[in-house]
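Chemist: Structure for this input, please:
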Amino acid sequence: MFDLHHLPGADLHEQNAVIHRRHILTLIPTLISAGLVCAIPIGIYMYLMAMQPDVLSSEISRAVFIMSASAFFLFGWLFSFILFMEYWLDVFIVTERRIIDIDQIGLFGHTVSELRLYRIQDVTAQSRGILQSIFSYGDIFIQTAAETERFHFAKMPYPNKIAKEIMELAESDRKVNLASAVEEISETSAGKK
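Modeler: Numbers count the residues shown, from 1 in each chain. Down below sits the predicted model:
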């Protein structure tokens, strides 16, 4: 899996983490576009062989076609690879103390956002449409009172289950932080006397 201490802002007291990714069905448009990209040179070749076979009769024209088709395949696979990497590296990590949202932007960029669980005010799970209802995926919105008022995690599998788990973790983290805050206040007030 992965080591929790390699996460951004590692906390030595964190023990458990759950990684969530978008639903696997969100890769279907990527697969369809990769299939279409691969089909275009094949379709052009079939058209040329059926309608104008003399175009590919010379060695130079065949070599140019093969080089062009290869470049087309290469760019198509590169595009598909980038889309898959964005899917795979966009993660939403929940520990017992915080939520970490890592958004991959292209091949070399990413944004990391962190939210402490005790700051969560509300978690909303939303499924829209027939596909999201049938395949149990949807959006999760996390409401806080901070500058970023709402965290949005799109197309997550089982959003109701994840939202319930986050609220339960937030409540338990709030109790722990409340107890430690009370202890700090009592120690501070005892030290002043």
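Chemist: Can you show me the helices along this protein?
Modeler: 28-51, 59-89, 129-134, 159-192 (DSSP state H).
Chemist: Give me the average confidence score over the longest one.
Modeler: Looking back up the chat, that one is helix 159-192. In this model, helix 159-192 has an average pLDDT of 77.
Chemist: Need the helices of the chain in CSV (columns: mean neighbour count).
Modeler: Glycine gets a C-beta too; all of them are placed from N, C-alpha and C. Below are the helices of the chain laid out as CSV (neighbours: other C-beta atoms under 10 Å):
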stretch, mean neighbour count
helix 28-51, 13
helix 59-89, 13
helix 129-134, 11
helix 159-192, 13
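Chemist: Compare these and report which one is nearest to R150.
Modeler: Evaluated over the helices of the chain, closeness to R150 peaks at helix 159-192, with 13.4 Å, by C-beta to C-beta.
Chemist: Which one of the helices of the chain lies nearest to H20?
Modeler: helix 159-192 (6.3 Å).
Chemist: contacting residues around F79?
Modeler: By C-beta atoms under 8 Å, 6 or more residues apart in numbering, the contact set of F79 is 33-34, 37.
Chemist: And the residues you listed, which is closest to F84?
Modeler: Using C-beta to C-beta, the contacts of F79 come closest to F84 at A34, 9.1 Å.
Chemist: The closest one contacts F73, correct?
Modeler: No: with contact defined as C-beta atoms under 8 Å, A34 and F73 do not form a contacting pair (10.1 Å).
Chemist: Go through the helices of the chain and name the closest to T95.
Modeler: Evaluated over those, closeness to T95 peaks at helix 159-192, with 8.3 Å, by C-beta to C-beta.
Chemist: Poorly predicted segments of this protein, please.
Modeler: Low-confidence segments of the chain, defined by pLDDT under 70: 1-13, 146-149, 180-193.
Chemist: How is it partitioned into domains?
Modeler: Domains of the chain are assigned by automatic domain parsing as 28-86, 90-185.
Chemist: Columns distance to H20 on top of these, output as TSV?
Modeler: Below are the domains of the chain laid out as TSV (distance: least, C-beta to C-beta, whole Å):
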stretch	distance to H20
domain 28-86	15
domain 90-185	4
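Chemist: Among the ones you listed, single out whichever gets nearest to E14.
Modeler: Closest to E14 of these, according to C-beta to C-beta: domain 90-185, at 4.6 Å.
Chemist: any idea how far the closest one is from the chain center?
Modeler: Centre-to-centre, domain 90-185 and its host chain are 13 Å apart (C-alpha atoms, centre = their mean, to the nearest Å).
Chemist: So which residues lie in contact with stretch 115-133, not counting its own?
Modeler: Applying C-beta under 8 Å, 6+ apart, the external contacts of stretch 115-133 come out as 25, 96-101, 136-146, 151, 155, 159-160, 162-163, 166-167, 169-170, 173-174, 176-177.
Chemist: Next, format the helices of the chain as JSON lines and append distance to H110.
Modeler: Output for the helices of the chain, formatted as JSON lines (distance: least, C-beta to C-beta, whole Å):
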{"stretch": "helix 28-51", "distance to H110": "19"}
{"stretch": "helix 59-89", "distance to H110": "7"}
{"stretch": "helix 129-134", "distance to H110": "26"}
{"stretch": "helix 159-192", "distance to H110": "22"}
